[in-house]
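Chemist: Okay, sequence plus prediction incoming.
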Amino acid sequence: MKLFAAAADAVGRRTLEGDWAGRTTAQLLEILTQQYPNLARLAPVLSVAVNREYAPADRVLADGDEVALIPPVSGGADDPEPPLFAITTEPLSADEIAARVTNPHSGATLVFVGTVREWTRGRRTVYLEYEAYPEMAVAQMEQIGREIAERWPGARTAIVHRVGRLEIGEASVVIAVATPHRADAFEACRHAIERLKQIVPIWKKEVWEDGEAWVGSQIGPDWMHQPLKE
């Protein structure tokens with residue numbers, strides 16, 4: 001089992017071994033919260049992913065399933081140049097990502113760049129740290145691309161998110177959408193960023209001058225910063 005962000009902090013490690021075949025995901029959560037009291041505080045907002053897809057509470061686990069605990073998250077085969085969906089540790093270039101979606105059929109290309117801001121609710125941020133479940137994150141980004149293509153015919157989408165330590169002013173995410181008409185580009189790009197925040201397993205830790213916390217975890221700070229076991 002893989003654990004990320006606040007869930008990994010709660011357990012004190014990033015992987016767990018166990019035989020959960022025949023159990024439902026709800027039963028799995030119950031077992032884990034009994035074994036790891038710190039995880040119980042996070043349980044109401046946890047999701048379970050099975051084989052890189054969100055799983056319902058009654059999903060029965062089988063041998064060989066890839067299971068992950070997911071805290072709340074802060075192109076077709078015939079396309080010769082498919083849209084780009086990626087997780088990277090490298091600095092992002094809005095121009096390069098926009099170039100992946102611009103095509104002769106598009107009348108508008110809209111680019112959204114999310115950057116690290118210094119002040120949030122009166123508190124100064126020193127830097128941010130992003131973590132992702134890369135394989136599932138890319139799969140969910142691809143789903144967003146399919147949603148956009150179905151809702152806005154002719155749209156092409158690229159989403160690239162950076163992980164690791166990001167300094168103030170650096171780009172954390174770039175979304176580029178190209179559509180035949182400009183109104184669709186604005187609507188599709190907004191859909192992309194909102195859905196990314198809802199379903200893509202990427203987490204943000206805010207590091208301040210006087211502390212740090214995973215955004216959206218709704219948990220106390222006492223146990224959050226213990227070293228993780230390998």
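Modeler: Here it is on my side, so go on.

Chemist: Rounded mean pLDDT for the one helix or strand residue 150 maps to, please.
Modeler: Using DSSP states H and E, residue 150 sits in helix 134-151. Average pLDDT, helix 134-151: 94.

Chemist: Who are the packing partners of that helix?
Modeler: For helix 134-151, the packing partners by 3 or more CB pairs under 8 Å, 6 or more residues apart in numbering; DSSP states H and E come out as strand 85-88, strand 156-162, helix 182-199. The C-beta positions use only the backbone N, C-alpha and C, and glycine is treated the same way.

Chemist: at 10 Å what do you get?
Modeler: Helix 134-151 sits against strand 47-50, strand 53-54, strand 67-70, strand 85-88, strand 156-162, strand 171-179, helix 182-199, strand 202-208, with contacts defined as 3 or more CB pairs under 10 Å, 6 or more residues apart in numbering; DSSP states H and E.

Chemist: Now do the same contact list for residue 165.
Modeler: 89, 116, 127-130, 205, 207 (CB atoms under 10 Å, 6 or more residues apart in numbering).

Chemist: ok, of those residues, which one's closest to residue 34?
Modeler: residue 205 (26.8 Å; CB to CB).

Chemist: which stretch among the helices and strands packed on helix 134-151 comes nearest residue 6?
Modeler: Per CB to CB, nearest to residue 6 of these: strand 202-208, 7.1 Å.

Chemist: Which strands or helices does that closest one pack on?
Modeler: Short answer (3+ CB pairs under 10 Å, 6+ apart): strand 202-208 packs on helix 5-11, strand 123-132, helix 134-151, strand 164-167, strand 171-179, strand 211-214.

Chemist: out of the ones you listed, which comes closest to residue 111?
Modeler: strand 171-179 (4.8 Å).

Chemist: quick one, which of the helices and strands packed on helix 134-151 is packed in tightest?
Modeler: strand 156-162 (a mean of 26; mean count of other CB atoms under 10 Å).

Chemist: Report the buried residues of the lowest-mean-pLDDT helix or strand in the chain.
Modeler: The helix or strand of the chain with the lowest confidence, counting by mean pLDDT, DSSP states H and E, is helix 37-42 at a mean of 80. Of all the residues in helix 37-42, those buried under the rule 16 or more other CB atoms under 10 Å are 38-39, 41-42.

Chemist: what does stretch 96-116 give?
Modeler: 97-98, 100-101, 106, 108-112, 114, 116.

Chemist: And the furthest pair within those residues?
Modeler: 106 and 116 (29.4 Å).

Chemist: Next, format the buried residues of stretch 96-116 as CSV and append secondary structure and pLDDT.
Modeler: Output for those, formatted as CSV (DSSP: H, G, I helix; E, B strand; the rest coil; pLDDT from 0 to 100):
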residue, secondary structure, pLDDT
97, helix, 93
98, helix, 92
100, coil, 88
101, coil, 90
106, coil, 88
108, strand, 95
109, strand, 96
110, strand, 97
111, strand, 97
112, strand, 97
114, strand, 96
116, coil, 96
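
Chemist: from these, which single one is nearest residue 188?
Modeler: residue 110 (7.8 Å).

Chemist: mind checking how far that closest one is from residue 196?
Modeler: 15 Å (CB to CB, to the nearest Å).

Chemist: got the contact list for residue 201?
Modeler: 2, 4-5, 47, 49, 52, 54, 68-73, 87, 131-137, 139-140.
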